[in-house]
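K.L.:
Show me the folded form of this:
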Amino acid sequence: MTSEPATHPGFRFPAEIIRHATWLYHLFGLSLRDVELILAERGVVVSHESIRRWCNRFGADFAARLRRRRPRPGDTWHMDEVYLRINGVLHYLWRAVDQHGVVLDILVQDRRNATAAKRFFRRLLAGLKYKPRRIVTDGLRSYGVAQREVLPEVRHRTSRYLNNRAENSHRPTRRRERQMQRFKSPEHAQRFLSSHAMIYGHFRPRRHLMTADQYRSARDKAFRVWRQETCVQMAA
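P.N.:
Down below sits the predicted model:
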């Protein structure tokens, strides 16, 4: 007797297909129509709008589960912000990574002042539940104001040359922004980028620092954790 494939309540397609479509969309530079075409080649006929709903519905949940499984990040946090033009209005994407390049969190805001910096610091502390030993930022003075108020005991280094770790972390975002022809709203940018940062980073270990065997082992572990955290629990 063969068991029926696991499904999410209210969704017609098996959970394995939804998981695979979400993985394709967030990990590679594919459009929704590209994912639709890949699934069609495998005999799965589904519209790109359905794939959009799957990614919106499950992307954040999958990312949150991966976040809980990741090792504790390093004790040096690099922070940086870049502009995003959304519907002609300038917004800013705040990002924090540790010294290993692991994305800690992102936040889309419409300001680049001390209030915005403090809001980002508090979001980081609430999500990670601990404080760093050192933070590294560029020359934006708002970081200094936020550090003195929110993290007064933490060392603060200001250097545009030491902050390449955070600046390089923006590159995948820029590629997806161009491919998606910009984000449609601040909420759209926040929702997508929060999920993308976790799912993309989970499958992108620092390959240049690993031997071939270490990389294969890390890749196998990433797939194993992904399957465990995105599976559907079958009712007994």
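K.L.:
how about stretch 65-75: buried residues?
P.N.:
66, 67, 73, 74 (16 or more other CB atoms under 10 Å). Placement of C-beta: from N, CA and C, glycine included.
K.L.:
Among the residues you listed, which are located in strands?
P.N.:
Using DSSP state E, no member of these sits in strands.
K.L.:
what's the helix or strand for the residue nearest to residue 169 when sequence neighbours are not counted?
P.N.:
Distances taken as CB to CB, 6 or more residues apart in numbering put residue 97 closest to residue 169, at 4.9 Å, once the chain neighbours are dropped. Taking DSSP states H and E as the definition, one finds residue 97 inside strand 89-98.
K.L.:
Please state the mean pLDDT value computed over the helix or strand that that strand is followed by.
P.N.:
Sequence-wise, the next helix or strand downstream of strand 89-98 (DSSP H and E) is strand 103-109. On average, the pLDDT along strand 103-109 is 92.
K.L.:
chain center to the lowest-mean-pLDDT helix or strand in the chain, what's the gap?
P.N.:
Here the helix or strand of the chain ranked lowest by mean pLDDT, DSSP states H and E is helix 164-168, holding a mean of 72. Taking CA atoms, centre = their mean, to the nearest Å, one finds the center of helix 164-168 at 15 Å from the center of the full chain.
K.L.:
Tell me, how many residues neighbour the closest residue to residue 175 other than its chain neighbours?
P.N.:
The shortest distance from residue 175 to any non-neighbouring residue, by CB to CB, 6+ apart, is to residue 29 (5.9 Å). Other residues near residue 29 come to 12 when the count uses other CB atoms under 10 Å.
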